[in-house]
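Peer 1: quick one: sequence plus predicted model below, questions after.
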Amino acid sequence: MLNYLITEPSGRCAPDSTRDYFMLWIKAFHIMAVICWFSAIFYLPRLFVYHAMSEDQTSKDRFTIMESKLFWGIMTPSAVATVALGAWLIAGSPSYYLSAPWMHAKLALVVLLLIYHYLCWVFFEKLKTDSRVRSHRYFRVFNEVPIFMMVPIVILVVVKPVFGA
């Protein structure tokens, strides 16, 4: 785990090794990837709402293009980067992370988020050929699901609650 025992001449705390400093960069890029992933996860189902409501072929085609660019250009690369950088962070200190109950809970929620990501792909593929796959009301509710994963993930990472104590 990162120690911040060294104070720079400026009075700012600094990592106590080059490796710790490098891992802070990995963590920063992990957080950026998570932000990009969640941005896309919140926006894609909103596009599904409008796609399901569209009546004309021109609108349906436009939404298909937008959904494709979002899913393949932002959402999936961000998910891959999030998982890869998160695995890199865990590999940097496996004894700490893999023994922490909060991390087990977080990883379970990340698995649920990956399942949600997969369901987005399934709906995206179906909407390409039939805009009446589900109602716009269904997609409005579906759009809210990730918040029930994001909130506990952030709490687990920041607070690191102790379970069973």
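Peer 2: Yep, it's here. The structure presented is a predicted model; accordingly, all values stated were derived computationally and were not measured.

Peer 1: can you tell me the element the closest residue to Val133 other than its chain neighbours falls in?
Peer 2: Excluding its sequence neighbours, the residue lying closest to Val133 (C-beta to C-beta, 6 or more residues apart in numbering) is Lys126, at 4.3 Å. From N, CA and C alone the C-beta is placed, and that goes for glycine too. Take DSSP states H and E as the rule and Lys126 turns out to sit in helix 101-129.

Peer 1: report all helices and strands that that helix contacts.
Peer 2: helix 18-53, helix 57-70, helix 76-92, helix 136-142, helix 147-159 (3 or more C-beta pairs under 8 Å, 6 or more residues apart in numbering; DSSP states H and E).

Peer 1: dump the fourth one to PDB, restricted to CA.
Peer 2: Below are the C-alpha coordinates for helix 136-142, written out as PDB (Å, rounded to 0.1, in the frame of the first residue of the first chain):
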ATOM      1  CA  HIS A 136     -39.000   3.700 -23.800                       C
ATOM      2  CA  ARG A 137     -40.300   3.400 -20.200                       C
ATOM      3  CA  TYR A 138     -38.300   0.200 -19.700                       C
ATOM      4  CA  PHE A 139     -35.200   1.900 -20.900                       C
ATOM      5  CA  ARG A 140     -35.900   4.900 -18.600                       C
ATOM      6  CA  VAL A 141     -35.800   2.400 -15.600                       C
ATOM      7  CA  PHE A 142     -32.900   0.500 -17.100                       C
END
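
Peer 1: that one: how far from the chain's middle?
Peer 2: Centroid separation for helix 136-142 versus its chain: 20 Å, with C-alpha atoms, centre = their mean, to the nearest Å.

Peer 1: buried sites along that helix?
Peer 2: Within helix 136-142, the residues that count as buried by 16 or more other C-beta atoms under 10 Å are 139, 142.

Peer 1: name the surrounding residues that touch that helix.
Peer 2: With C-beta atoms under 8 Å, 6 or more residues apart in numbering as the test, helix 136-142 has contacts from 45-46, 48-50, 52-53, 119, 123, 134.

Peer 1: mark which of these are buried, thanks.
Peer 2: 45, 48-50, 52, 123, 134.

Peer 1: related to what we said a few turns ago, dump the helices and strands packed on helix 101-129 to TSV, plus distance to Leu112 and mean pLDDT.
Peer 2: Formatted as TSV, the helices and strands packed on helix 101-129 follow (distance: least, C-beta to C-beta, whole Å; pLDDT from 0 to 100):
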stretch	distance to Leu112	mean pLDDT
helix 18-53	12	95
helix 57-70	21	95
helix 76-92	13	97
helix 136-142	14	96
helix 147-159	6	96
